[in-house]
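[1] Have a look; sequence and predicted model below, questions after that.
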Amino acid sequence: PPLPHHPHDGIDVDNLKWNDLRKIVKQHGLSTAGRKFELQERLRSHLEEERRVRLVEWNEVHGGVGVVEEVVEEVCDEVMEEEKKVEENEEVVENEAVAETKVTKEENV
């Protein structure tokens, strides 16, 4: 059987207003320090970990292979997303370095 819906599954972290985001972060026992994007990432990571734990526990009770496959798929998707972000950041840094080099060369001419 599939994992039952949990109230935390419906939290739309990206579209929460600042006050609502801060309130939910605090309810989960997480630090409310930082900028909005930091709180979003902190809450998102916490909710993902919470879901993984529920999936593992569900699998232990129901012995379902499909649940384990779902966890593996989610983790793989997360890793791929993180790798994509790293690649995009590397491209931005590289482009900024090229732009700086052009400016420096133009200043020296």
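    That came in fine, so what should we check first?
[2] Quick check: Val13 vs Leu39, distance?
    Going from Val13 to Leu39 by CB to CB, to the nearest Å gives 9 Å. Just so you know, the C-beta spots here come from the backbone N, C-alpha and C atoms, and that holds for glycine as well.
[3] Low-confidence stretches in this protein?
    Low-confidence segments of the chain (pLDDT under 70): 1-3, 5, 7, 64-72, 103-109.
[4] quick one, helices of this protein?
    Here the chain has its helices, by DSSP state H, at 18-27, 36-62, 65-108.
[5] Out of those helices, which is closest to Asp9?
    Across those, Asp9 has its closest neighbour in helix 36-62 (7.1 Å, CB to CB).
[6] Please point out which parts of the closest one sit buried.
    Judged by neighbour count (16 or more other CB atoms under 10 Å), helix 36-62 contains these buried residues: Leu39, Gln40, Arg42, Leu43, His46, Leu47, Arg51, Arg54, Leu55, Trp58, Asn59.
[7] same thing with stretch 9-24?
    Ile11, Val13, Leu16, Leu21, Ile24.
[8] just to revisit the earlier point, and of the buried residues of helix 36-62, the nearest to Val92?
    Using CB to CB, the buried residues of helix 36-62 come closest to Val92 at Gln40, 20.1 Å.
[9] if we can go back for a sec, dump the buried residues of stretch 9-24 to JSON lines, plus distance to Lys85.
    As requested, the buried residues of stretch 9-24 are exported to JSON lines (distance: CB to CB, whole Å):
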{"residue": "Ile11", "distance to Lys85": "21"}
{"residue": "Val13", "distance to Lys85": "16"}
{"residue": "Leu16", "distance to Lys85": "21"}
{"residue": "Leu21", "distance to Lys85": "21"}
{"residue": "Ile24", "distance to Lys85": "23"}
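[10] out of the residues you listed, what pair is the most spread apart?
    Spanning the widest gap among the buried residues of stretch 9-24 are Ile11 and Leu21, at 9.6 Å by CB to CB.
[11] Now do the shared contacts for the two.
    Residues touching both Ile11 and Leu21 (CB atoms under 8 Å, 6 or more residues apart in numbering): Leu43.
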